[in-house]
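Peer 1: got a predicted structure here, sequence first:
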There are 2 protein chains.
Amino acid sequence: MASALNEASDRLIARPSGLAEEVYRRVRADIMSLKIPPDTRVSVDSLARELGVSQTPILREALSMLEANGLVSKRHFAGYATSPRMDRAQLDELFEFRLLIEPHAARKAAEAMAEPDLALLASGEAAPSHDAFADMDTEFHRLIAQGAGNHLIADSLARLHIHVHIFRSCFRSEITEEAVREHTAIIAALQARNGAHAEAAMRRHIERSYGRLRDFIKD
Amino acid sequence: MASALNEASDRLIARPSGLAEEVYRRVRADIMSLKIPPDTRVSVDSLARELGVSQTPILREALSMLEANGLVSKRHFAGYATSPRMDRAQLDELFEFRLLIEPHAARKAAEAMAEPDLALLASGEAAPSHDAFADMDTEFHRLIAQGAGNHLIADSLARLHIHVHIFRSCFRSEITEEAVREHTAIIAALQARNGAHAEAAMRRHIERSYGRLRDFIKD
DNA sequence: TTTGGCGAAATCCTATAGGATATTTGATCC
DNA sequence: GGATCAAATATCCTATAGGATTTCGCCAAA
């Protein structure tokens, strides 16, 4: 992940950027796609063999970064393990946090979002498969958070949405039509540059999204 | 830092917890105390010699964790460097974020904070020196964020307050009396279990704190 | 005086090997 | 049959060595 406060412009020469970054992306993708399920031990040796790279420092660095994002946890001399699936309490905390941030982000995005990003947002609303919907939803919220023009907001939400993604994937939640309608409403408010409406629509979307996901939990 | 979603109970046997954690704390303390000033290169070899430990994987792990917290940034084959001091834009973003989170945290803390923590909060309000005030302020906000009962909120604010601490230390801001009065008002609202007052008092505190710090920036 | 290129030093990045520790499995005893 | 203990395994943690890259100082030329 990029640092919290330093934002590099996107127009950079493609640096090798190190193997650590590469491994980090790969492992994160495996976790998000549930190829590595939650609450599963992750062996450094196995990954090293599978990826054909050494253990030091690549995997240790990559796993440290994943740990900082809350995707894996480390126990001394006992290795890394993916975080267990969110329970009810954690889901509550996560959506409480989202309700604090995202409606505000939607309001600011309505006022300040760049026109090209807005067009991109409106164009990407087609969700045939489950995976495509999940990616589209992540991208939807990412673009709005970025449109708010605050890197802290964007980074925090990106980190949170990874967990939302994993949780949703665990249950293969197929309820997309309602969510798409809510997205449409938000996009309409953004295009109208109506901050109040965008904020309200986003709040409603998150609240209903919470209701949809909460049903999957029985603990 | 602890992971974002996994909260370990504090009542744990004192594990060795690894050298990485130790090094991480040490380096973070050096950065926060300005012993390592902002925008300064951090040599892995130097640190390894100074601390009497090897380079792999301790320093790399510790520095990776610091990078995830936005305290240092890495450039490929060019080593680590502490993040430059916040500029005006970053300060604005940080306080916009704080205004989103902390007033809400104060409201929840007023409703749900444990009595012992509240007593602890009220007892720790003595700030003789500058450093003591800085630490006390950090602890003040940390306790309230923790009192809100949401680990995501607590972790986010902990990460942000590190940067506030560094920024304040850079200018040796001595304006503590006003801040202490504002703290007192917040504590009174918390003790009265008045969520609305606590939220308003916290909002006012952050806004005035922003005004005090903003004056130091001329960029 | 400033600018461009060149070389040496410092630094980081990667790989491999040995020591220490937690987990697991199997056998034994109650 | 269940529990306890011990050995074996798997894993992580640390140290050292070699290769690749950037950076900084130096010198020459415009």
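Peer 2: Here it is on my side, so go on.

Peer 1: which residue, other than its chain neighbours, is closest to whatever residue of chain A ends up closest to DNA strand C?
Peer 2: Closest residue of chain A to DNA strand C, C-beta to the nearest atom of the strand: residue A:54 (2.9 Å). No exception for glycine: its C-beta is placed from N, CA and C like everyone else's. Of all residues not flanking residue A:54 in the chain, residue A:48 sits nearest, at 6.2 Å (C-beta to C-beta, 6 or more residues apart in numbering or on different chains).

Peer 1: and what of residue A:95?
Peer 2: Residue nearest to residue A:95 in three dimensions, not counting chain neighbours: residue A:210, with 4.4 Å by C-beta to C-beta, 6+ apart.

Peer 1: that neighbour - how many residues pack around it?
Peer 2: Using other C-beta atoms under 10 Å in any protein chain shown, residue A:210 has 17 neighbouring residues.

Peer 1: please apply the same query to residue A:141.
Peer 2: Residue A:141 has 25 nearby residues by other C-beta under 10 Å.

Peer 1: how about stretch A:190-208 and chain B, any contact?
Peer 2: No: if you take C-beta under 8 Å from any C-beta of the partner chain as the test, stretch A:190-208 misses chain B, and the best it gets is 12.2 Å.

Peer 1: list the buried residues for the lengthiest helix in chain A?
Peer 2: As assigned by DSSP state H, the longest helix anywhere in chain A is helix A:88-112. For helix A:88-112, the neighbour count (16 or more other C-beta atoms under 10 Å in any protein chain shown) marks A:90-110 as buried.

Peer 1: pretty sure the residue of chain A closest to DNA strand C contacts residue A:47?
Peer 2: No: at 10.8 Å, residue A:54 and residue A:47 do not qualify as touching, with contact defined as C-beta atoms under 8 Å.

Peer 1: give me the more crowded residue out of those two.
Peer 2: Higher neighbour count among residue A:54 and residue A:47: residue A:47, with 21 against 10, using other C-beta under 10 Å.

Peer 1: how confident was the prediction at the closest residue in space to that one that isn't next to it in sequence?
Peer 2: Excluding the flanking residues, the one nearest residue A:47 by C-beta to C-beta, 6+ apart is residue A:59, at 5.7 Å. As predicted, residue A:59 sits at a pLDDT of 79.

Peer 1: roughly how far does residue A:88 sit from chain B?
Peer 2: Using C-beta to the nearest C-beta, to the nearest Å, one gets 13 Å for the distance from residue A:88 to chain B.

Peer 1: model confidence for that residue, exactly?
Peer 2: Looking at residue A:88, the pLDDT reads 94.

Peer 1: next one: phi and psi at residue A:53?
Peer 2: phi -130, psi 170 (degrees, to the nearest 10).

Peer 1: make that residue A:70, sorry
Peer 2: phi 80, psi 20.
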